[in-house]
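> give me the fold of what follows.
(one chain, ligands or ions: 1)
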Amino acid sequence: MSLNENLEKLSNAYGVTGREEEVRNLMIKLMKPHVDEIVVDKLENVIAIKKGKKSSPKVMLAAHMDEVGLMVKTVTKEGFLQFAKMGGIDDRILLAKKVIIHTQKGPLQGIIGSKPPHIQKEAERKKIVAFDELFIDIGVESREDANAIGVKIGDPVSFDAKYAKIGKDVVIGKAFDDRVGCAIMVETLKQMGKTDCTICAVGTVQEEVGLRGAATAAFGVDPDIAIALDVTIAGDVPGVREFDTSVKMGKGPTLTVADAGLITHPKVLRLLLDVAEEKKIAYQLETGLLGSTDAARISLTRQGVPSGTVSVATRYIHSPFGMLSLKDAENSAKLTAAAIQKIQKHF
Ligand SMILES: [Zn+2]
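From the prediction side, this is the model:
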């Protein structure tokens, strides 16, 4: 299966943070043919292990399986669902979006609504409607009706968006943060070839609420080096200053030099740069971004883990649709697989 096909499946799967089961099952299926063993830890990270020599470094790859979403917080007596946010979502993108409520009785469809603009006062219309003034309309008449069809407080809610290829290499879809990392990790395992290193490819949980799964997974794996595979913000749309973010969609994998939580270990950065140059893979460098990735948490595990990040410059992350270049994703896998081959020379 190609990276494009895997990304389509992963993007269309649902896994609001803390409820990653569907994505985890898919990751197990996709990684299984390429590894010796698969373990799920107590926090429900999935760890695919390719055994190497005991004397060689243990490498941890990490891609988070969760996506930002919502959670049912209250059901009004008229049957409207008010919600909490799971992960960073800009309130401005919520209004009028189609969503899916994942109840124990099955999925329900709904629309995020607000007080109609037609009856808003002039001043009201100019301000952003905050998420706590919004509600999900599932078309029922009462709290009892909502409960009867399965709605419960705490049900996860995801955006309803389908993957599509819209250009030669350009795709749009839900949850590219970080299903593209998941797809790259599968592709890396596929392309990796023989190595003496032990590889632990980890699909982590609860990244979007504070890199939580990475903490327990890294403690358990106890790696000698780690690479997180994730997305970063593409700055190639109108209104973005180059100073704020200079990386662009389609210009190659992005290597983080430093972000809000990680200063890439110099040996890891050297390894990735050497491999990119040797394999003639175009890359972009990035520093000073406010966000971070699983690598930040992994790097502080036990006595410290030299860590780095390979990311795909993606537009419109944390919204119903992201946009990215498949070429960037493919080259990220190529780069990561080649870096694994070189680890013993650098460590
Ligand atoms: Zn991410």
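> right, and the helix or strand after the one helix or strand in the chain whose mean pLDDT sits lowest?
When each helix and strand of the chain is scored by mean pLDDT, DSSP states H and E, helix 122-126 comes last, with a mean of 74. Downstream of helix 122-126, the first helix or strand assigned by DSSP states H and E is strand 135-137.
> mind checking how far the next helix or strand after that next one is from the chain centre?
For strand 135-137, the following helix or strand on the C-terminal side (DSSP H and E) is helix 143-148. In terms of C-alpha atoms, centre = their mean, to the nearest Å, the centre of helix 143-148 is set 33 Å apart from its chain centre.
> what of stretch 301-312?
Stretch 301-312 has its C-alpha centroid displaced from the chain centroid by 16 Å (C-alpha atoms, centre = their mean).
> stretch 167-174 too?
The answer for stretch 167-174 is 16 Å, by C-alpha atoms, centre = their mean.
> mind exporting that stretch as PDB, just the C-alpha atoms?
In PDB, the C-alpha atoms belonging to stretch 167-174 read as follows (Å, rounded to 0.1, in the frame of the first residue of the first chain):
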ATOM      1  CA  GLY A 167      -3.500  18.300  -7.200                       C
ATOM      2  CA  LYS A 168      -0.600  16.200  -8.600                       C
ATOM      3  CA  ASP A 169       0.900  15.800  -5.100                       C
ATOM      4  CA  VAL A 170      -1.400  17.900  -3.000                       C
ATOM      5  CA  VAL A 171      -3.900  16.300  -0.700                       C
ATOM      6  CA  ILE A 172      -6.500  17.700   1.800                       C
ATOM      7  CA  GLY A 173      -8.000  15.900   4.800                       C
ATOM      8  CA  LYS A 174      -8.700  15.800   8.400                       C
END
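> pull out the buried positions in it.
170-174 (16 or more other C-beta atoms under 10 Å). Bear in mind the C-beta positions are built from the backbone N, C-alpha and C, glycine included.
> residue nearest the centroid of the chain?
Closest residue to the average C-alpha location of the chain: Asp178 at 1.7 Å, with C-alpha atoms, centre = their mean.
> what's near enough to touch it?
By C-beta atoms under 8 Å, 6 or more residues apart in numbering, the contact set of Asp178 is 63-67, 207, 229-231.
> near the ion, which of those residues show up?
Contacts with the ion within the contacts of Asp178, as defined by C-beta under 5 Å from the ion: Asp230.
> among the contacts of Asp178, which one sits closest to the ion?
Asp230 (4.4 Å; C-beta to the ion).
> got any ranges where the stretch 1-150 of the chain has weak pLDDT?
117-118 (pLDDT under 70).
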